[in-house]
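**Student:** My questions are about this predicted structure, shown below with the sequence.
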Amino acid sequence: EPEVTQTPSHQVTQMGQEVILHCVPISNHLYFYWYRQILGQKVEFLVSFYNNEISEKSEIFDDQFSVERPDGSNFTLKIRSTKLEDSAMYFCASSRQGPNSYNEQFFGPGTRLTVL
Amino acid sequence: AQKITQTQPGMFVQEKEAVTLDCTYDTSDQSYGLFWYKQPSSGEMIFLIYQGSYDEQNATEGRYSLNFQKARKSANLVISASQLGDSAMYFCAMREEEAGGTSYGKLTFGQGTILTVHP
């Protein structure tokens, strides 16, 4: 069964460093998402991406964040200068169609980011 | 703005019994979807069940059913015949589904309920 994959599973970085989180969505999916979950809290939407551009972003997704689909398979989240409060689990998700039909989002296993 | 509320931080159930996890929502959208996800201690997010706002029947998927009461804006998850492997965090989530709407499918999550199944 196809699945969303994410690498690395755990990333440790120093405050102020740049990190890139990698995701490979399911191959025939068209809509891509990043969410984050601070330890013990709810899952929060960061950004959605469709047709090679950002379609929606939350207040959390400030200028420090960017997303890219550099080729036909990868979908990356870059944090330019990490802060302590960026420590969280980051989930990538994808869906085949948009929100106007029964269409679940498939989540990857997550990348746990720890900023020291 | 959409809001999801899960008022039960933790629930306990005996193995083989049924349990209901509560979820209420608030939205001004006419068309929306409601989801339940399971998050085991390993951290992944597992899709369980979906209910569209215009679906007349309550959704069912195996041992999972969704008790959808639109007028009360509630979408409770019922797990029948609980198993030890059901112990996990459960999240209720919603997305806008209005044709031509501004949302591209982002999910808004509740705070979650930790379910513990006792043998």
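**Tutor:** Here it is on my side, so go on. Residues are numbered from 1 along each chain as shown, chains lettered A, B, ... in the order given.
**Student:** How about the secondary structure of A:Glu85?
**Tutor:** helix (DSSP: H, G, I helix; E, B strand; the rest coil).
**Student:** quick one: contacts for it?
**Tutor:** A:38, A:115 (CB atoms under 8 Å, 6 or more residues apart in numbering or on different chains). Every C-beta, even on glycine, is put in place using the N, C-alpha and C of the backbone.
**Student:** How many residues are close by B:Ser42?
**Tutor:** B:Ser42 sits with 9 neighbouring residues when counted by other CB atoms under 10 Å in any protein chain shown.
**Student:** Doesn't A:Glu59 belong to a helix?
**Tutor:** No: counting by three-state DSSP, one finds A:Glu59 to be coil, located in no helix.
**Student:** Can you give me the pLDDT of it?
**Tutor:** You'll see A:Glu59 listed with a pLDDT of 93.
**Student:** Ok, A:Pro99 next?
**Tutor:** 59.
**Student:** next one: B:Thr102
**Tutor:** B:Thr102 is given a pLDDT of 59.
**Student:** With A:Gln105 instead?
**Tutor:** 87.
**Student:** Tell me the secondary structure at the residue nearest to it when sequence neighbours are not counted.
**Tutor:** Counting by CB to CB, 6 or more residues apart in numbering or on different chains, A:Gln105 lies nearest to A:Ala93, which is 4.3 Å off, once chain neighbours are set aside. Under three-state DSSP, the three-state class of A:Ala93 is strand.
**Student:** So A:Ala93 is in contact with A:Val4, correct?
**Tutor:** Yes: using CB atoms under 8 Å, A:Ala93 is in contact with A:Val4, at 6.6 Å.
**Student:** burial measure for the residue nearest to A:Gln105, as a count.
**Tutor:** For A:Ala93, using other CB under 10 Å, the count is 28.
**Student:** shared neighbours, A:Ala93 and A:Val4?
**Tutor:** Joint contacts of A:Ala93 and A:Val4 (CB under 8 Å, 6+ apart) are A:106-108.
**Student:** Regarding B:Asp55, what is its secondary structure?
**Tutor:** B:Asp55 ends up coil, using three-state DSSP.
**Student:** Show the backbone phi and psi for B:Glu15.
**Tutor:** Taking degrees, to the nearest 10, you get phi -50, psi 140 for the backbone angles of B:Glu15.
**Student:** just the shared contacts of A:Ala93 and A:Val4 that are near chain B?
**Tutor:** A:106-108 (CB under 8 Å from any CB of the partner chain).
**Student:** Most neighbours among those, please name it.
**Tutor:** A:Gly108 (26 neighbours).
**Student:** That residue contacts A:Met89, doesn't it?
**Tutor:** No: judged on CB under 8 Å, A:Gly108 makes no contact with A:Met89 at a distance of 10.5 Å.
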